[in-house]
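Enquirer: let me see the structure of the following:
(2 chains)
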Amino acid sequence: MNSIQDRRQEYRSLFKQNVAKRLLIDKSVRIIVFSCVIIAIIPLGSILVEVFKNGLTAISIEFLTETPGSAGSGEGGIGPAIQGTLIIIGLSSMIGVPIGVMSGIFLSEYGDNALARFVRFFNDVFMEFPSIILGIFAFLIIVLVLGHFSVWAGAFALSLIMFPIVARTTEESLKMVPMTYREAGTALGLKKWVITFRIVISAAKSGMITGILLSVSRIGGETAPLIMTILGSSQFFSSMDTPMDALPLRIWRLSLLPYDSAQLQGWGAALVLIMIILGINLGIRYYFMNKKNRFIGQLIKQRRNATK
Amino acid sequence: MDKPNLNLKKRRVISDKVFKIGATVAGTYVLVIVVLIAFQLISESYPIWEKEGLSFITKTDWNAVEDRESFGALPYILGTLTTSAIAMMIGVPLSIGIAMFISDAPSKIGAPLGFLVELLAAVPSVIYGLWGLFVFRIYFRDWFETPLHNAFGDNVWLFSGNPYGLDILTASVILAIMIIPTVSAVSREIMKAVPQQQKEAAYMLGATKWEMFKLAIFPYSKTGLIGASILGLGRAVGETMAVTMLIGNATGIGAIPSSLFGPSQTMSSIIANEFVEASPASIHMPALIGIGLILLLIAIVINVIAHLLVTRMLKIKEGAINN
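Expert: Down below sits the predicted model:
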């Protein structure tokens, strides 16, 4: 009798110890995992705070519109860089978006064969190519052939970053359009390309626009491929065959100068760039997360994982 | 009732054929570009392979002076491998921790935190560089590197070399921050792909949350998590601007990584630094393009492996849901 109760007592204490230990481990893992999130968010917070704090002191109307002054004088601004970034985004979208959309149509509407699977795989791998390689490529086939730096070379290099992203988002959005839409079009006797452009794409429009905007925000911050294609300049855009400036390039060049005033201007340029890029990202999120288009919100998440 | 037979492929219209051809051409554009890039890099870097042969990969010289030109890629290959390896060591555990937290947290907390981590990916590389150069480097040098150097510098070779901030460790930590969003987002998707039954079975056995991860999630998603980490490695290897601004940009034999606090150079950063100054007529540019070719090969191998692992994992998920 006594011994049984003793044993019970013993088992109970062992059990308690075991559970206490396991719960302790569980709790410490929870704390570790949560601190991982905090550790990752600290740099983001610090970057935003520093960019806004330092950037705001640099920004003025003259800073946003004038050409850069002589190095280290602290005068002048980043007008040509802002203009150049807008031009290069426009041009690369002109090249990259149509190719990306058509490629997405191919993957979604004609995507049930070995070639499409092959293309899809290479699309994903190509998305991760080091961007500087694309810069070298554009340099070799455009700048070397023409014999001078060219805005087209920069736009071409960035379009290469852009089109796989657009292609994959387009594919995903088109696939979400129900098959019955296409069948309804066929029942009306429409041709396949009419069905695709008039029915499927208009139903999948918002997902595609999201993909395009995400790819724009990605190329807006690209620097490496621009170094060897548009080089950078301190003048406003004059022709397609001369070097041009862009915000990321200007930030890089300013950061290399040993003057405090240049550093400050660098922060100012960074503020403009980050406003453009975060503006696009937050805008997309705000717009789609609060709408009925929940699935597009999920789509953005998937795409963001895949793109950058 | 039979379903109506709507076999679209049977409709033969010329404009549709044109449409299909157009779409197919756009689809195969990516293959053409990949082939062209490989071809261009090989043919334009040919002079350096002709002059140095395979010893280009193992040599450490870097001399662009006319008539004494001699180039070797080894220091930069080592620089890339070292920085990426350190970045992985720091970034991957953090990312998996983040993925564990977010995949498990209620979506009201998890979704905004996940979005914040993903915003890290939206910050342009050059801004990481700027921040690293003027903010992070200073604190990191004064609070982390200098104490470590003072304590262990004389005995441990890893910590020798006077910390200046522009060194391998700083660049690697910034790289680690930059790969976190990729690795954590992909890992999270993969952890979510583990079938609910597996998790419930673990809970039913009386597992705590951590034990559930150990019993159900990790064994199931191992392959995918490795794939996610390799995806991060691919990103770290190709990253250019932030590294260029922080690694100290040594060349030649001085760029071989010797301590955590020494300057070095990666493949992408030497291209960014010297490409515009290199004359296409000399052998300097073929040498840089040759480095680009090596970088491309490494990136392709890494990414092909990563995508194979990740897609295999996510395919299992689809199968599980359909059944």
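Enquirer: lowest-scoring secondary structure element of chain B by mean pLDDT?
Expert: Lowest by mean pLDDT, DSSP states H and E among the helices and strands of chain B is helix B:284-322, with a mean of 82.
Enquirer: that one: which residues count as buried?
Expert: When burial is assessed from 16 or more other CB atoms under 10 Å in any protein chain shown, helix B:284-322 yields the following buried residues: B:284-296, B:298-300, B:302-307, B:309-310, B:313-314, B:316-317. Glycine gets a C-beta too; all of them are placed from N, C-alpha and C.
Enquirer: spatially central, which residue of chain A would that be?
Expert: When CA atoms, centre = their mean is applied to chain A, the residue found nearest the centroid is A:Arg218 (3.0 Å).
Enquirer: of all the residues in the strand or helix carrying that residue, which ones are buried?
Expert: Element membership for A:Arg218 (DSSP states H and E) is helix A:205-220. Buried positions in helix A:205-220, judged by neighbour count with 16+ other CB under 10 Å: A:206-220.
Enquirer: ok, the residue in the stretch 201-323 of chain B positioned nearest to chain A - how many residues close by?
Expert: Using CB to the nearest CB, the single residue of the stretch 201-323 of chain B nearest to chain A is B:Gly238, 2.9 Å away. A count of nearby residues for B:Gly238, using other CB atoms under 10 Å in any protein chain shown, gives 26.
Enquirer: the nearest residue to it once chain neighbours are set aside: neighbouring residues, count only.
Expert: With sequence-adjacent residues excluded and distances taken as CB to CB, 6 or more residues apart in numbering or on different chains, B:Gly238 is closest to A:Pro130, at 2.9 Å. Using other CB under 10 Å, A:Pro130 has 24 other residues around it.
Enquirer: thinking A:Pro130 is in contact with B:Thr266, fair?
Expert: No: judged on CB atoms under 8 Å, A:Pro130 makes no contact with B:Thr266 at a distance of 10.4 Å.
Enquirer: let me know the average pLDDT across the helix holding A:Arg218.
Expert: Taken as a whole, helix A:205-220 has a mean pLDDT of 89.
Enquirer: show me what the helix or strand just after that helix is packed up against.
Expert: Sequence-wise, the next helix or strand downstream of helix A:205-220 (DSSP H and E) is helix A:224-227. Judged by 3 or more CB pairs under 8 Å, 6 or more residues apart in numbering or on different chains; DSSP states H and E, the packing partners of helix A:224-227 are helix A:131-138, helix A:151-176, helix A:247-256, helix B:267-274.
Enquirer: cutoff 10 Å now
Expert: Counting contacts by 3 or more CB pairs under 10 Å, 6 or more residues apart in numbering or on different chains; DSSP states H and E, helix A:224-227 packs against helix A:79-109, helix A:131-138, helix A:151-176, helix A:247-256, helix B:241-246, helix B:267-274.
Enquirer: secondary structure element for A:Ser234?
Expert: Using DSSP H and E, no element contains A:Ser234; it sits outside every helix and strand.
Enquirer: just the strands in chain B please.
Expert: Secondary structure of chain B (DSSP state E): strands at B:62-63, B:70-71.
Enquirer: mind saving the C-alpha coords of stretch B:99-119 as CSV?
Expert: C-alpha atoms of stretch B:99-119 as CSV (Å, rounded to 0.1, in the frame of the first residue of the first chain):
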residue,chain,number,x,y,z
ALA,B,99,9.4,31.7,-40.8
MET,B,100,8.5,29.6,-37.7
PHE,B,101,7.1,32.6,-36.0
ILE,B,102,5.1,33.9,-38.9
SER,B,103,3.8,30.6,-40.1
ASP,B,104,2.5,29.9,-36.6
ALA,B,105,1.3,33.3,-35.4
PRO,B,106,-2.4,34.3,-35.8
SER,B,107,-2.7,36.1,-39.1
LYS,B,108,-3.5,39.4,-37.3
ILE,B,109,0.1,39.5,-35.9
GLY,B,110,1.8,37.4,-38.5
ALA,B,111,0.7,39.2,-41.6
PRO,B,112,1.9,42.7,-40.8
LEU,B,113,5.2,41.4,-39.4
GLY,B,114,5.6,39.3,-42.5
PHE,B,115,5.0,42.3,-44.6
LEU,B,116,7.5,44.3,-42.7
VAL,B,117,10.2,41.6,-43.2
GLU,B,118,9.3,41.5,-46.9
LEU,B,119,9.7,45.3,-47.1
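Enquirer: pull out the buried positions in it.
Expert: Neighbour-count burial for stretch B:99-119 flags B:99-105, B:110, B:113-115, B:117-119 (criterion: 16+ other CB under 10 Å).
Enquirer: farthest pair in the residues you listed?
Expert: Every pair in the buried residues of stretch B:99-119 was compared (CB to CB); the two farthest apart turn out to be B:Asp104 and B:Leu119, at 20.8 Å.
Enquirer: just for the chain, where's the confidence low?
Expert: Just going to use chain A. Under the criterion pLDDT under 70, the flagged ranges of chain A are A:1, A:288-308.
Enquirer: was after chain B, sorry
Expert: Judged by pLDDT under 70, the stretches of chain B that qualify are B:1-12, B:315-323.
Enquirer: repeat that with 80
Expert: Flagging of chain B using pLDDT under 80 yields the residue ranges B:1-13, B:66-67, B:153-155, B:157, B:161, B:312-323.
Enquirer: next, the contact list for the residue of it found nearest chain A, please.
Expert: Here the residue of chain B nearest chain A is B:Pro124; by CB to the nearest CB that distance is 2.5 Å. Contacts here follow CB atoms under 10 Å, 6 or more residues apart in numbering or on different chains; on that basis B:Pro124 touches A:217-223, A:247-248, A:251, A:270, A:273-274, A:276-277, B:130, B:241-242.
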